[in-house]
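Student: from the sequence below, what's the structure:
(2 chains)
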Number of protein chains: 2
Amino acid sequence: MTHVPRLFVPAITPFRADLTVDLPRLVAFGRHLIAEGADGLAPFGTTSEAASLSVDERMRGLEALASGGVTPERMIPGTGCAALSDTIRLTSHARALGTLGVLMLPPFYYKPVSTEGLFASYARVIEAVGPGLRIYLYHIPQMTGVPITADLIARLDEAFPGVIAGLKDSSGNWDNTAALIAAFPHLEFYSASEALLPRNVAAGGAGCISATANVNAAGIAALIRALGTDAQPAILAQAEAARSAFEKLPLIPAVKAVVALQMDDPGFAHVRPPLVAPSSTQDAAIREAAAICNGDHALV
Amino acid sequence: MTHVPRLFVPAITPFRADLTVDLPRLVAFGRHLIAEGADGLAPFGTTSEAASLSVDERMRGLEALASGGVTPERMIPGTGCAALSDTIRLTSHARALGTLGVLMLPPFYYKPVSTEGLFASYARVIEAVGPGLRIYLYHIPQMTGVPITADLIARLDEAFPGVIAGLKDSSGNWDNTAALIAAFPHLEFYSASEALLPRNVAAGGAGCISATANVNAAGIAALIRALGTDAQPAILAQAEAARSAFEKLPLIPAVKAVVALQMDDPGFAHVRPPLVAPSSTQDAAIREAAAICNGDHALV
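Tutor: Predicted structure coming up:
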């Protein structure tokens, strides 16, 4: 089954200096990302510091995006929490707003947990939220300690046909993504890196949801358009260079710092603990990353 | 500095069949644990499935315990969440209720996180909650992936004298507990196993907060009374036998199943996903564990 490749941006969550959520900047940046060519947003994921936000903060943020011009049909917000009751509340809210789907972490406190327990957790959410729900499973074991296995996907897909829409593979393990695409060709699999986009799409995947899309959405959108053309190698090299510029930096704080430079607005740079802002010794690397990302834009 | 050794029970959270929190059983069981000889409760920790509860569910549960006869001065509820805003809300609520202190996990989604980021996280909570707060840090790296280091304790204790009351060491690594007791003799260190109680107290620790105290509170209270007496070896052996009976079972579901047998009320056994109830093949082991725990009671 062929999927039209797409870029969803796991948009950062801007904070005011007092670390409350900055809704106007959140909306302005969401609109900016769509204008840059993103197919949609995957807000309130890892890069969005969603785990550092309360359920209410996440709901108010999603509502602000939807009423501010980012249509729900373009969004797959993160709704998976440690607590089952929180996940149900957030997922019901996203469903009621009419989002394209939701990106759902497994419950991530207890470990190890059984496949049976994870199945029961997702099943409870699906039954509580009701018809029309589309779930993108979120596999990011380096944060959760709770992997989404092929066995779990198969059981959920069989029990709830049409509800499981796909999976974001943030493991960075291409072999895992490739095996899942082959096993479940009807589902959409997203890589977490634009560097894997050509391989993802060639294998039958659905695109990418990448942290660095916050600072290079236009470049990644151009890469998707260029897939299979003569322009692909040069545009891929540009996107890889932009991504590589963050390798020695704390990823999320550095992405926010580069967004602040690109938007010419230091208000985008604040992070919530436990993340910390880049140190002053990293200023030069931040500026270099911004320059590389901006250069990509100019070349595209 | 000598601490009077104490037992705080990380009380289970009973659920109804529909998995909503069962407040009447929560209160009845909290009172039962105090009647059995526990010095207090550490509700809404790992054994309580607190990570599977919403902030509101945790607040309503703590209020029910307090108004139901478990005085706040006997409680150190868990208040640490992944989200800073949730931790502030829960901790402010516990402080307003007048609990003895709070048992606070570090933010547990992002990893690795820096000591600076963890310090900033605790500092924000302390500043937001205000005077009178007493924090027991909660070190359980097998769940959180975020250890509480001696460096972090030293920085917090220096910046907020009197606020850091102690730490629960759920790592199971006695060398870690011993090193912390030696480094911070003015703080209270609790082991997560009654098997470590004699060593903990002999080294200057403050007692234990153990999952199996839910099913053997009287036995552990007796062990505390017997420390240093001729009765210690026999009572310790009993407590160790009770604890060992759970080694090949899923700990929290098995503890709840044994509570259900002890209270003669199957309503105590429900668990929330991602935990799953013990399988029927484990029935015999559950009954044996209950018998051993009950035998301990009879012998004490």
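
Student: when you work out contacts or count neighbours from here on, use the C-alpha atoms and nothing else.
Tutor: Fine.

Student: and A:Pro147, how many residues sit next to it?
Tutor: 22 (other Cα atoms under 10 Å in any protein chain shown).

Student: could you look up the SS state of it?
Tutor: coil (DSSP: H, G, I helix; E, B strand; the rest coil).

Student: might you report the residue contacts of it?
Tutor: A:His139, A:Ile140, A:Pro141 (Cα atoms under 8 Å, 6 or more residues apart in numbering or on different chains).

Student: for chain A, just list every one of the helices.
Tutor: Listed in chain order, the helices of chain A (DSSP state H) span A:23-36, A:55-67, A:84-97, A:115-129, A:141-144, A:150-159, A:174-183, A:197-202, A:213-226, A:232-244, A:251-262, A:283-299.

Student: by neighbour count, which of the contacts of A:Pro147 wins?
Tutor: Busiest of those [other Cα under 10 Å] is A:His139, holding 24 neighbours.

Student: pLDDT value on it, please?
Tutor: A:His139 is assigned 98 on the pLDDT scale.

Student: beta partners of it?
Tutor: Bridge pairing for A:His139 (DSSP bridges) gives the partners A:Asp169.

Student: thought it was touching A:Gly166?
Tutor: No. In this structure A:His139 lies outside contact range of A:Gly166 using Cα atoms under 8 Å: 10.7 Å.

Student: adding distance to A:Val125, write the contacts of A:Pro147 out as a markdown table.
Tutor: Putting these into a markdown table (distance: Cα to Cα, whole Å) gives the following:
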| residue | distance to A:Val125 |
| --- | --- |
| A:His139 | 17 |
| A:Ile140 | 20 |
| A:Pro141 | 21 |
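
Student: tell me which residues of stretch A:103-119 are tucked away?
Tutor: For stretch A:103-119, a neighbour-count test (16 or more other Cα atoms under 10 Å in any protein chain shown) marks A:103-110, A:113, A:115, A:117-119 as buried.

Student: could you do stretch A:180-198 as well?
Tutor: Buried, per 16+ other Cα under 10 Å, within stretch A:180-198: A:180-181, A:184-198.

Student: before we move on, what about stretch A:18-33?
Tutor: A:Val21, A:Asp22, A:Leu23, A:Arg25, A:Leu26, A:Val27, A:Phe29, A:Gly30, A:Arg31, A:His32, A:Leu33.

Student: could I get that stretch in PDB with only the CA atoms?
Tutor: The C-alpha coordinates for stretch A:18-33 follow below in PDB (Å, rounded to 0.1, in the frame of the first residue of the first chain):
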ATOM      1  CA  ASP A  18       7.400  32.600  34.100                       C
ATOM      2  CA  LEU A  19       7.200  29.300  32.300                       C
ATOM      3  CA  THR A  20       3.500  29.400  31.700                       C
ATOM      4  CA  VAL A  21       2.400  28.300  28.200                       C
ATOM      5  CA  ASP A  22       2.700  31.200  25.700                       C
ATOM      6  CA  LEU A  23      -0.400  30.600  23.600                       C
ATOM      7  CA  PRO A  24       0.000  33.500  21.200                       C
ATOM      8  CA  ARG A  25       3.500  32.300  20.200                       C
ATOM      9  CA  LEU A  26       2.300  28.700  20.000                       C
ATOM     10  CA  VAL A  27      -0.300  29.700  17.500                       C
ATOM     11  CA  ALA A  28       1.900  32.000  15.600                       C
ATOM     12  CA  PHE A  29       4.600  29.300  15.300                       C
ATOM     13  CA  GLY A  30       2.100  26.600  14.300                       C
ATOM     14  CA  ARG A  31       0.900  28.800  11.500                       C
ATOM     15  CA  HIS A  32       4.400  29.600  10.500                       C
ATOM     16  CA  LEU A  33       5.200  25.900  10.200                       C
END
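
Student: alright, calling it a day.
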